[in-house]
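got a predicted structure here, sequence first:
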Amino acid sequence: MAHGEVEAREAECCDTYEVHPDKVRAVSAQMPEENELSDLADLFKVFGDTTRIRILFVLFEAEVCVCDLAQTLQMTQSAISHQLRVLKQSKLVKSRRDGKQVLYSLADAHVATIIAQGREHIEE
């Protein structure tokens, strides 16, 4: 580690302990309820699986059926269906029937934004 660098796993702390009540009040007033924070954490857990991210990335590009997803990702339809169920329960994907096919797509523009911003963040 180079001189003056702080280890990535260790957060820097102040040299003295001083609370800033105005900042604490302002932030506390905006803090969501605990159940909302829990729901948000659960949503981000769904993004914590590489297979689900791969599925979302495909759906970011096109509306496809399970067969297309399985072929694209070199996975079984059963494995894809399981992950799609999780993504659907989290309201990240939606499906529609087109004749004999069921086509999947991202649930809304928010999901596309999350994926795009996530990619942008890691590429910085």
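Thanks, I have the structure now.

find the residue at the geometric middle of this structure.
residue 47 (3.6 Å; C-alpha atoms, centre = their mean).

what stretches of this structure score poorly on pLDDT?
Along the chain, segments meeting pLDDT under 70 span 1-8.

packing partners of the top helix by length along the chain?
Using DSSP state H to define each element, the chain has its longest helix at helix 109-123. Identification of packing neighbours for helix 109-123 by 3 or more C-beta pairs under 8 Å, 6 or more residues apart in numbering; DSSP states H and E yields helix 50-61. All C-beta spots, glycine's among them, are computed from the backbone N, C-alpha and C.

just the strands in the chain please.
64-65, 93-98, 101-106 (DSSP state E).

can I get those strands in a markdown table with mean neighbour count and distance to residue 78?
Putting these into a markdown table (neighbours: other C-beta atoms under 10 Å; distance: least, C-beta to C-beta, whole Å) gives the following:
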| stretch | mean neighbour count | distance to residue 78 |
| --- | --- | --- |
| strand 64-65 | 18 | 14 |
| strand 93-98 | 14 | 16 |
| strand 101-106 | 17 | 15 |
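
first-to-last residue distance for stretch 58-77?
15 Å (C-alpha to C-alpha, to the nearest Å).

that one: which residues count as buried?
58-59, 64-66, 68-70, 72-73, 75 (16 or more other C-beta atoms under 10 Å).

circling back: so what's the gap between the longest helix of the chain and the chain middle?
With C-alpha atoms, centre = their mean, to the nearest Å as the basis, helix 109-123 stands 9 Å off its chain's centre.

who touches that helix?
With C-beta atoms under 8 Å, 6 or more residues apart in numbering as the test, helix 109-123 has contacts from 47, 56-57, 60, 92-93, 106.
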